[in-house]
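Student: Sequence and predicted structure, then a few things I'm wondering about:
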Amino acid sequence: MAMLAPRPSILSVEPYVGGESKLPGVNRIIKLSSNEGAFGPPPGAVAAIQRMATEAHRYPDGGSKALREAIGARFGLDPARIVCGNGSDEILGLLILAYGGEGTEIVMSAHGFLMYDITGRWAGCRIIKVPERDLTADVDGLIAACGPRTKLVFLANPNNPTGSILPQAEVDRLRAALRSDIMLVLDSAYAEYVDRPDYDAGARLVDATGNTVMTRTFSKIFGLGGMRVGWGYAPAEVVDVLNRVRGPFNVNAAAMEAAVAALAEPGWVEKNVAHNAEWRLKVTEALTATGIKVWPSQGNFVLADFGTADRAKAADAHLKSRGLIVRMMGAYGLPSCLRITIGTAEENGLLTEALGAFMAGIRG
């Protein structure tokens, strides 16, 4: 009997594996593997989630109207050109499914976010990964990789997992060099952490062109990774397409209320930005002093390079023995690296102490 089979491209996909969160036999676990906010969810968001528990039998607003209006007010954007999703991952996936598919190509940076590759192959696209320069997207390479079948170019800026960022002039140059029928998707999940004066998360290019989309998330600085809520800002024609293909209740009611409350939390972003800037530098300096190469980062994480895959694995095992979970980077083509989230002051101190002991053991 013939077996029912999926499209061949589906079987080429390795399931996405998130950062670990449990270690057998360890009493206290410090999770620094998923770039979650150092301080958890804002108090106002927690209260909103609790309030919504008694309304769990009600369907959510299918158009996320209140959330879109709150996002628009916060960032100075037209709510009608905002689409909310089950994390920004959903928005990215909908764009690929709506504009890609069999016979099309997606261009991305070699060490870009895995979901572009995974969802692209799921949709049947050919994925072209362009080599980077010093772990930074190569604009000339991205432009040269585009062919007649290219439909989407993905750029995470800052990039996960490298932490690298392109100057705004380079992002503008990339958009200007792409054909008008190629969509540029700017994944700005870590926008709030950037401390460069020329940086624009993407709204300006969206407004200036008819073929650029910006995606954002509440999973990082707003501390709502578990609620799964993100959003995209796009030209009206693209918004119309996304609203046709997304699920009618794709963002749950508690997530919407929590996100609205998070946007309104006084001083929350400023507190997180200041903490991240301080400790990203301190962690970088501490690890560098032990002999670990740390790549420059504009996110809420650092990429620590141990030189060899074996040493990175040994460092990871050493950290786990102390209850510290970070993220190995073999799936991103960076087997010698560990990605380390910036946590609380105490967590960062324990992390740097543990890696200092590990490196001392190698030398000694």
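Tutor: Here it is on my side, so go on.
Student: Mind giving me the packing neighbours of the helix or strand where residue 84 lies?
Tutor: Element membership for residue 84, per DSSP states H and E: strand 82-85. For strand 82-85, the packing partners by 3 or more Cβ pairs under 8 Å, 6 or more residues apart in numbering; DSSP states H and E come out as helix 65-75, helix 88-99, strand 230-233, helix 236-245. Placement of C-beta: from N, CA and C, glycine included.
Student: Of these, flag the one that's most buried.
Tutor: A comparison of the helices and strands packed on strand 82-85 by mean neighbour count, using mean count of other Cβ atoms under 10 Å, puts strand 230-233 on top with a mean of 27.
Student: Show me what the mean pLDDT comes to for that one.
Tutor: What strand 230-233 shows for mean pLDDT is 98.
Student: Tell me the strands beside that strand, with direction?
Tutor: strand 82-85 (antiparallel), strand 212-217 (antiparallel) (DSSP bridges).
Student: Just put those in a markdown table and tack on mean neighbour count and mean pLDDT.
Tutor: Shown next, in a markdown table, are the strands paired with strand 230-233 (neighbours: other Cβ atoms under 10 Å; pLDDT from 0 to 100):
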| stretch | mean neighbour count | mean pLDDT |
| --- | --- | --- |
| strand 82-85 | 25 | 98 |
| strand 212-217 | 26 | 98 |
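Student: Can you add distance to residue 361 and give those strands back as a markdown table?
Tutor: Shown next, in a markdown table, are the strands paired with strand 230-233 (distance: least, Cβ to Cβ, whole Å):
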| stretch | distance to residue 361 |
| --- | --- |
| strand 82-85 | 45 |
| strand 212-217 | 38 |
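Student: Go through those strands and name the closest to residue 29.
Tutor: strand 212-217 (23.9 Å; Cβ to Cβ).
Student: So what touches that closest one?
Tutor: 87-88, 91-92, 95, 175, 183-189, 191, 201-203, 205-206, 229-235, 238 (Cβ atoms under 8 Å, 6 or more residues apart in numbering).
Student: repeat for stretch 93-101
Tutor: Taking Cβ under 8 Å, 6+ apart as the rule, stretch 93-101 contacts 85, 106, 115-116, 119-120, 123-125, 151-152, 183, 185, 213, 232, 238, 241-242, 245-246.
Student: can you give me the offset of it from its chain's centre?
Tutor: Computed by Cα atoms, centre = their mean, to the nearest Å, the separation of stretch 93-101 from the middle of its chain amounts to 18 Å.
Student: Over that stretch, what's the mean pLDDT, rounded is fine.
Tutor: Computed over stretch 93-101, the mean pLDDT rounds to 96.
Student: In three-state terms, label residue 102 for me.
Tutor: Of the three states, residue 102 takes coil according to DSSP: H, G, I helix; E, B strand; the rest coil.
Student: ok, the residue most central in space within the chain to residue 281 distance?
Tutor: In the chain, the residue lying closest to the centroid (Cα atoms, centre = their mean) is residue 189, at 4.7 Å. As judged by Cβ to Cβ, to the nearest Å, residue 189 and residue 281 stand 21 Å apart.
Student: Equivalent analysis for residue 106, please.
Tutor: From residue 106 across to residue 281, the span is 35 Å (Cβ to Cβ).
Student: again, but for residue 45
Tutor: The gap separating residue 45 from residue 281 is 28 Å, by Cβ to Cβ.
Student: These two - which one has more neighbours?
Tutor: Remark: of residue 45 and residue 281, residue 45 carries more neighbours, 27 against 13, as counted by other Cβ atoms under 10 Å.
Student: Quick check: closest non-adjacent residue to that one.
Tutor: Excluding its sequence neighbours, the residue lying closest to residue 45 (Cβ to Cβ, 6 or more residues apart in numbering) is residue 258, at 4.1 Å.
Student: Next: residue 52.
Tutor: Distance criterion Cβ to Cβ, 6+ apart; nearest residue to residue 52, sequence neighbours excluded, is residue 254 at 4.1 Å.
Student: Other residues contacting the helix or strand harbouring that neighbour?
Tutor: Using DSSP H and E, residue 254 sits in helix 253-264. With contact meaning Cβ under 8 Å, 6+ apart, helix 253-264 is reached by 41-42, 44-49, 51-53, 55-56, 58-61, 64, 66-67, 70-71, 74, 84, 218, 222-224, 227-229, 268.
Student: quick revisit: quick one: which of the helices and strands packed on strand 82-85 is nearest residue 5?
Tutor: Of all the helices and strands packed on strand 82-85, helix 88-99 sits nearest to residue 5, with 20.1 Å by Cβ to Cβ.
Student: Give me the distance from the closest one to the chain's centre.
Tutor: Put simply, helix 88-99 sits 14 Å off its chain's centre (Cα atoms, centre = their mean).
Student: and if you look at stretch 96-107?
Tutor: Centroid separation for stretch 96-107 versus its chain: 20 Å, with Cα atoms, centre = their mean.
Student: just use 212 as the starting number from now, easier for me
Tutor: Noted, 212 is the first residue going forward, which turns the last one into stretch 307-318.
Student: sorry, back to before: any idea how far the residue nearest to residue 263 lies from residue 271?
Tutor: Residue 465 is 8 Å from residue 271, where distance means Cβ to Cβ.
Student: cool, and residue 478?
Tutor: The value you get for residue 478 to residue 271, if Cβ to Cβ is used, is 28 Å.
Student: again, but for residue 263
Tutor: Taking Cβ to Cβ as the measure, residue 263 falls 9 Å from residue 271.
Student: For the closest residue to residue 540 other than its chain neighbours, name its beta-bridge partners.
Tutor: Counting by Cβ to Cβ, 6+ apart, residue 540 lies nearest to residue 548, which is 4.3 Å off, once chain neighbours are set aside. On the basis of DSSP bridges, residue 548 is bridged to residue 516.
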